[in-house]
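>>> Any chance you could fold what I've pasted below:
(one chain, ligands or ions: 2)
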Amino acid sequence: MARSRKLAAWSMMLVGFFGWIAPSPTPAFQASATSPRRPFQDLWIPPTMEGTSFDLTLSPSSQSFWNGATTRTYGYNGAGFWGPTLILEQGSTVQMKVKNAIDEPTTVHWHGLHLPASTDGGPHQMIEPGATWSPSFRVMNQAGTYWYHPHPHETTQKQLTYGAGGLILIRDPIEAKLALPRNYGVDDIPLVLTSRRFYTNDQFSFEGDNDKYGDYLLVNGTLDARVKLPSQFVRLRILNAEIERGYILGFKDNRTFHVIATDGGLIDAPLPVQRVRLMVGERVEILVDLGGEKPGSGLDLMAYHSNQPFGFPGGEPGTTRPNGSLLNNIDFRVLRINVADPTPNPITTLPRTLTKNRYWTDADVTNRRTIKITAGQPGSTFSFDNVSYTTHAKSQVVELGAVEEWTIVNNNVFGHSFHIHDVQFNIVKRSRGAVADFERGWKDSVYVPRGQSVSFIARFDDFASETDPFMYHCHMANHEDGGLMGQFVVKDPKASGKSTAQAIEFRPRQDHPVSADKAREATRRVGTIAPDFQEKDLDGRPIVLASLAREKPVVLFFIEPRCPCSKDASPYFDRLRAEYGDACTIVGVIDADPELARTWTKQVDVHFPIIADPDQKLIRTYAAEGSTFTTLIQPGGTIAKTYPGYGSAMLSDLADSIARLGGVESRIIDLAGAPATLVSGCPFPTR
Ligand code: C2O
Ligand code: CU
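Ligands and ions are numbered 1, 2, ... in the order given. Below you'll find the model as predicted:
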């Protein structure tokens, strides 16, 4: 009732002032229809892939969510929305091949899986357009419901919105022995919940935080989904694949059903419940007894979201962006179940027990840490411990084999869904109220309500790396993209001598042409005396401009450590150094503290001396903020040339100029891969 009133009000407003691509709670299929009801559509069951080698290709695709509409989407392996279900056997070693056929970088993260960080598919394992990423790993998790999805920093929400994602089902001998529904698509049904908002031209409305909530529920990409299920025990594997919306699920007749698995696999015994809460990223497997239902009868799986306390994602009243939607703060149908005849070998009883888990306790804990959800820095709403992921991300360091208790403190304004890579944990404490029965099991994502904290324990086994971090973040993709993310490295204390690397997040590559202002500013200094400085490189050797520039040309290469252009330009400067040897001096100046500078240098693998300039003193002196920028100083100390950005013509001009000023023969520098046009000026906020 309440909902249809809202709809009516909206339709009237729409007629008034929205244009053809207006963000609309009422896309074409309904705006034109006088009939208030859309027909049910049969639930799409994603196809499965099995074995030990999996080829996934993400490409632009399209989907018809309702009759007569075509929405542009992304899909794996030709799917219109959401990808195939991968079925993995515990203990097997799998070879993945992920091809990126969309026109921007992506990654594929195996959510919930315990594997080496280099194969994890987080924002550090970027796959460029046209490229293929081929990680291989052993399947170590317990039988359960996991998933894969893109994880590129700052564009995860977009790629998820367009439909990139898929389920992973792991099978193992313990689960295989149980009398559970296991016939995929028949009595074992995947349900991937997410909602979208559409423009009136039938395309997804995607405007970041404005579209955190969709207006229309999609189950496996099906709008108004219905499914035929046999009259016996059925298993529903439910994933909350939303951007931000949480779910409180139950059946319209308030029947009791049984939870059998959480994020990381089976719980000890079926748990009777009438409602279960599922936040973004979480999975639950439930058994529903349809044995007592007459074939032909119907049953609705519902979301009960009316009257939630503030901070419940999707509980905000209102139907419009940025914080409202047609599905907010109401109870709505998730799935219509039509009961059909039982199958030949139906499951008709509930197992008494499922498995035996040994969860971590206080006595196991070897280290504790606290992570606070705080306000974000400019441009981001939330951050962990006051550092948005977009700024220098310092890694948490966890010792290999440690059993750690993490306490996530949320004194901020809203609820969040905290997710950690690498491990499955058990929740041991909530600051308000008990840990819910349905979340007592292995978990990788946990709801942290507003004004509360949650503690969990995990063991960080098997995989240590000095260079490859794992991520932790809020799984609400808009929060994650906005910087509510952090990283940790697992450090092997026995890996002698080496310091723990602090991994750097390189931003996705973007085209950012040199602005006219930057170019003017750069040339203005040519012919003036280069400001002198006395600094030290990362090894403590003195770098004094006046003495370096006395007889030889000096190249100052300014580096923005989070910028992919700086990273890409660096090898060419290393080649200049190698080719010209003593005939000139190449010096890097990096906007970073010495620790970050050292890690960057190691990751990018360059060998010219580098000055850490964390307060940008030198960088500002040379007007090189936030940019890949180069100053060429001639013998005697006058600025001969400045180059805002880098590119093949710029690099060969630089090589020739060095030769001329140094009085040596011009060397040929290998410029393979250098951009044809000048690239520079990453639009990062300069501090
Ligand atoms: Cu489901 Cu870090 O991700
Ligand atoms: Cu969040």
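>>> Where does A522 sit, in terms of helix or strand?
helix 516-524 (DSSP states H and E).
>>> How about the residue of the chain found nearest ligand 1: what's its closest non-neighbour residue?
Going by CB to the nearest ligand atom, ligand 1 is nearest to H111 of the chain, at 3.6 Å. C-beta coordinates here come from the backbone N, C-alpha and C atoms, glycine included. Distances taken as CB to CB, 6 or more residues apart in numbering place W147 nearest to H111, at 4.8 Å, with adjacent residues excluded.
>>> Now do the residue of the chain closest to ligand 1 against T73, distance only.
Summarising the geometry, the distance separating H111 from T73, computed by CB to CB, to the nearest Å, is 20 Å.
>>> any chance you could map the helices in this protein?
With DSSP state H applied, the chain shows helices at 2-17, 28-31, 156-161, 173-177, 477-481, 516-524, 545-548, 564-580, 594-604, 617-621, 648-662, listed in chain order.
>>> Nearest the geometric middle of the chain, what residue?
By CA atoms, centre = their mean, the chain has its centre lying nearest to H151, at 3.1 Å.
>>> Contact partners for that residue?
T107, V108, H109, G121, G122, P123, M471 (CB atoms under 8 Å, 6 or more residues apart in numbering).
>>> how close does it get to ligand 2?
Between H151 and ligand 2 the computed distance is 15 Å (CB to the ion, to the nearest Å).
>>> Give the full set of residues in contact with the residue of the chain closest to ligand 1.
Contacts for H111 (CB under 8 Å, 6+ apart) come out as Y146, W147, Y148, H149, I168, G281, H419, D444.
>>> how far away is it from ligand 2?
Where ligand 2 is concerned, H111 sits at a distance of 16 Å (CB to the ion).
>>> what residues does this structure put near ligand 1?
Where the chain comes near ligand 1, counting by CB under 6 Å from any ligand atom, the residues are H109, H111, H149, H151, G281, H419, H421, M471, H473, H475.
>>> still on that earlier bit, out of the helices of the chain, which one sits most buried?
Greatest average neighbour count among the helices of the chain goes to helix 477-481 (a mean of 26), per mean count of other CB atoms under 10 Å.
>>> could I get that helix in PDB with only the CA atoms?
Below are the C-alpha coordinates for helix 477-481, written out as PDB (Å, rounded to 0.1, in the frame of the first residue of the first chain):
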ATOM      1  CA  ALA A 477      31.400  -1.100  -2.900                       C
ATOM      2  CA  ASN A 478      30.800   2.700  -2.700                       C
ATOM      3  CA  HIS A 479      32.500   2.800   0.700                       C
ATOM      4  CA  GLU A 480      35.300   0.600  -0.500                       C
ATOM      5  CA  ASP A 481      35.900   2.700  -3.600                       C
END
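>>> Show me what it is packed up against.
Secondary-structure packing of helix 477-481 (3 or more CB pairs under 8 Å, 6 or more residues apart in numbering; DSSP states H and E): helix 156-161, strand 470-474.
>>> possible to save these as CSV with mean pLDDT and distance to V555?
Output for those, formatted as CSV (pLDDT from 0 to 100; distance: least, CB to CB, whole Å):
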stretch, mean pLDDT, distance to V555
helix 156-161, 97, 38
strand 470-474, 96, 36
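>>> a markdown table please, covering the ones you listed and showing distance to Q452.
Shown next, in a markdown table, are the helices and strands packed on helix 477-481 (distance: least, CB to CB, whole Å):
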| stretch | distance to Q452 |
| --- | --- |
| helix 156-161 | 25 |
| strand 470-474 | 14 |
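>>> Stretch 372-383 and ligand 2 in contact?
No - taking CB under 5 Å from the ion as the criterion, stretch 372-383 and ligand 2 are apart, separated by no less than 5.9 Å.
>>> one step back: indicate which one of the helices of the chain is closest to ligand 2.
For the helices of the chain, proximity to ligand 2 was assessed by CB to the ion; helix 477-481 is nearest, at 3.2 Å.
>>> ok, residues contacting that closest one?
Contacts of helix 477-481 (CB under 8 Å, 6+ apart): 153-157, 160-161, 208-209, 212, 243-244, 280, 381-382, 416, 473-474.
>>> residue contacts, T381?
Contact analysis of T381 by CB under 8 Å, 6+ apart lists D209, A375, H479, G482, L484.
>>> please redo it, this time with the cut-off set to 10 Å
Residues in contact with T381 (CB atoms under 10 Å, 6 or more residues apart in numbering) are D209, A375, S388, N412, V413, F414, N478, H479, G482, G483, L484.
>>> So which of the residues you listed wins on neighbours?
Ranked by the number of neighbours (other CB atoms under 10 Å), these place H479 first, at 28 neighbours.
>>> pLDDT score assigned to that residue?
You'll see H479 listed with a pLDDT of 95.
>>> same thing with T642?
The predicted local confidence for T642 comes out at a pLDDT of 92.
>>> how much space between the residue nearest to it when sequence neighbours are not counted and T528?
Nearest in space to T642, with sequence neighbours left out and distances taken as CB to CB, 6+ apart, is A522 at 4.1 Å. For A522, the distance to T528 equals 12 Å [CB to CB].
>>> which residues do these two both contact?
Taking CB under 10 Å, 6+ apart as the contact criterion, the residues that touch both A522 and T528 are I639.
>>> A549 contacts T631, doesn't it?
No - judged on CB atoms under 10 Å, A549 makes no contact with T631 at a distance of 11.0 Å.
>>> so where's this structure shaky on pLDDT?
For the chain, residues meeting the criterion pLDDT under 70 lie at 1-37, 378-380, 390-393, 496-515, 518, 626-627, 680-687.
>>> which parts of it sit against ligand 2?
When proximity is defined as CB under 5 Å from the ion, the chain approaches ligand 2 at H416, C474, M476, H479.
>>> hmm, 6 Å instead?
Applying CB under 6 Å from the ion, we find that the chain lies next to ligand 2 at F382, H416, C474, M476, H479, L484.
>>> Show me what the second one is bridged to.
Beta-bridge pairing of H416 under DSSP bridges involves V448.
>>> show me what contacts it?
Applying CB under 10 Å, 6+ apart, we find H416 in contact with 244, 279-280, 311, 313, 373, 382, 408, 410, 446-450, 454, 473-476, 479-480, 484.
>>> how far away is the residue nearest to the centre of the chain from G165?
Using CB to CB, one obtains 11 Å as the distance from H151 to G165.
>>> between these two, what contacts are shared?
Taking CB under 10 Å, 6+ apart as the contact criterion, the residues that touch both H151 and G165 are V108, H109, H111, Q159.
>>> any chance of these in CSV, with distance to S53 too?
Shown next, in CSV, are the shared contacts of H151 and G165 (distance: CB to CB, whole Å):
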residue, distance to S53
V108, 15
H109, 19
H111, 20
Q159, 24
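>>> so which pair among those is furthest apart in space?
Farthest apart among the shared contacts of H151 and G165 by CB to CB are H111 and Q159. That separation is 13.9 Å.
>>> so what's in contact with those two at the same time?
Shared between the contact lists of H111 and Q159 (criterion: CB under 10 Å, 6+ apart) are residues H149, H151, G165.
>>> so the residue nearest to T642 sits right up against Y622, yeah?
Yes - under the criterion of CB under 10 Å, A522 makes contact with Y622 at 9.3 Å.
>>> what touches both of the two?
Among the neighbours of A522, those also in contact with Y622 (CB under 10 Å, 6+ apart) are F629, T630, T631, I639, T642.
>>> Most neighbours of all those, which one?
Those, ranked by neighbours (other CB under 10 Å): first place F629, 29 neighbours.
>>> follow-up on the earlier one: find residues that contact each of A549 and T631.
Common contacts of A549 and T631 (CB under 10 Å, 6+ apart): A530.
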